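Undergrad: Build me a model:
(2 chains)
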Amino acid sequence: AQTVTQSQPEMSVQEAETVTLSCTYDTSENNYYLFWYKQPPSRQMILVIRQEAYKQQNATENRFSVNFQKAAKSFSLKISDSQLGDTAMYFCAFMKQGGNQFYFGTGTSLTVIP
Amino acid sequence: EAGVAQSPRYKIIEKRQSVAFWCNPISGHATLYWYQQILGQGPKLLIQFQNNGVVDDSQLPKDRFSAERLKGVDSTLKIQPAKLEDSAVYLCASSLVVRPSYEQYFGPGTRLTVT
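TA: Numbers count the residues shown, from 1 in each chain, chains lettered A, B, ... in the order given. Next up, the predicted model:
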C-alpha cells in the first residue's frame, strides 16, 4: 500500500518570500508519479506540478519547483516570490504508473501574509 | 473550455435521509471519478467510470452508496441512508482517457453535512 505524509498542517509566509512544503511517501513501486495539488478556498483542486519518478531532473513550473529525492522518498515543493493568490491548501499525491488512483496526503494549509 | 460542474454546492441533511449529487464532466472526457474528502484528509477515490462502465469501485461503501453514469456523460452519486460519518466534500473529476489517469480535472465539490 502507498502512503503519503505531510507533516506540516499549517504554514505561513510573507508575500514575496520563499516557502517549502514537505512531503514524504512510502511505496514499493519503482515507477510512479508525484504531484502537488492546490486547493483554494473555492475547493477546486488544481494541479501545480508533476514529477515522474524515472526523471532525475526536478520539475519546475514558473515560481514552483520540487526537490525530488527518490532514495529518501521525499518530494518537497518550493514556492518562490509568494503571492497572495498562493493562499490555499496544498496536497501532495502519489500515483503508481499504470494506476488509476491518487493517494493524497493530509494537506498543508498555506497562508501568504501581505 | 468549461470545467467540471457539480451541484448542489452545499447540502445539509439529517442522518438516515437520502441525498444525491450530480456531476457534469468536461465535454469529451470519457473517464469520471468521484472522491470523498473528509475534513482534514486528502481526497479518497470512491468510484471510477469509463464511459458507462465502472472501472473501479473497490472503495465505495456499496451498502449505502451508489453511483451511475447513464449515457456516459453526467453522473450521480447517491447516499441512502446517510450516516454522520458521511459528512465530507464530494469531488467529481474527469479525464480524457483512462491511462494515464493523472490528467484529472476536478470540480468545485459538494459539501455534505449530516446532522
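
Undergrad: For chain A, what is the nearest residue in chain B?
TA: Residue of chain B nearest chain A, by Cβ to the nearest Cβ: B:G42 (2.5 Å). For glycine as for every other residue, the C-beta is placed from the backbone atoms N, C-alpha and C.

Undergrad: so what's that residue closest to, chain neighbours aside?
TA: Nearest non-adjacent residue to B:G42, counting by Cβ to Cβ, 6 or more residues apart in numbering or on different chains: A:F104, 2.5 Å away.

Undergrad: which residues does that neighbour bridge with?
TA: Beta-bridge partners for A:F104, by DSSP bridges, are A:A93.

Undergrad: That one: what's it in contact with?
TA: Neighbouring residues of A:F104 by Cβ atoms under 8 Å, 6 or more residues apart in numbering or on different chains: A:4, A:37, A:91-93, B:41-44.

Undergrad: rerun that using 10 Å as the cut-off
TA: Counting by Cβ atoms under 10 Å, 6 or more residues apart in numbering or on different chains, A:F104 touches A:4, A:6, A:35, A:37, A:45, A:91-94, B:35, B:37, B:41-45.

Undergrad: Also B:A93?
TA: A:45, A:102, B:4, B:23, B:25-26, B:29, B:31-35, B:43, B:45, B:48, B:101, B:103-107.

Undergrad: Check which helix or strand the residue nearest the centre of chain B maps to.
TA: Most central in chain B under Cα atoms, centre = their mean is B:W34, positioned 2.9 Å from the mean C-alpha point. In the assignment (DSSP states H and E), B:W34 maps to strand B:31-37.

Undergrad: what are the pairing partners of that strand, and which direction each?
TA: When DSSP bridges is applied, strand B:31-37 pairs with strand B:44-50 (antiparallel), strand B:88-95 (antiparallel).

Undergrad: Buried deepest among these, which one?
TA: strand B:88-95 (a mean of 24; mean count of other Cβ atoms under 10 Å in any protein chain shown).

Undergrad: Pull the distance from the helix or strand just after that one to the chain's centre.
TA: Next in sequence after strand B:88-95, counting helices and strands by DSSP H and E, comes strand B:105-106. Averaging C-alpha positions (Cα atoms, centre = their mean, to the nearest Å) puts strand B:105-106 11 Å from its chain's average.

Undergrad: And the pLDDT at the nearest residue to B:G107 once chain neighbours are set aside?
TA: Leaving aside its sequence neighbours, B:G107 sits nearest to B:V4 (Cβ to Cβ, 6+ apart; 3.5 Å). In this model, B:V4 is scored at 95, pLDDT.

Undergrad: and the gap between B:V4 and B:D56?
TA: Going from B:V4 to B:D56 by Cβ to Cβ, to the nearest Å gives 19 Å.

Undergrad: same check, this time on A:S22
TA: Counting by Cβ to Cβ, the gap from A:S22 to B:D56 is 30 Å.

Undergrad: if we can go back for a sec, quick one: residues contacting the residue nearest to B:G107.
TA: A:44, B:23-26, B:29, B:32-33, B:91-94, B:104-109.
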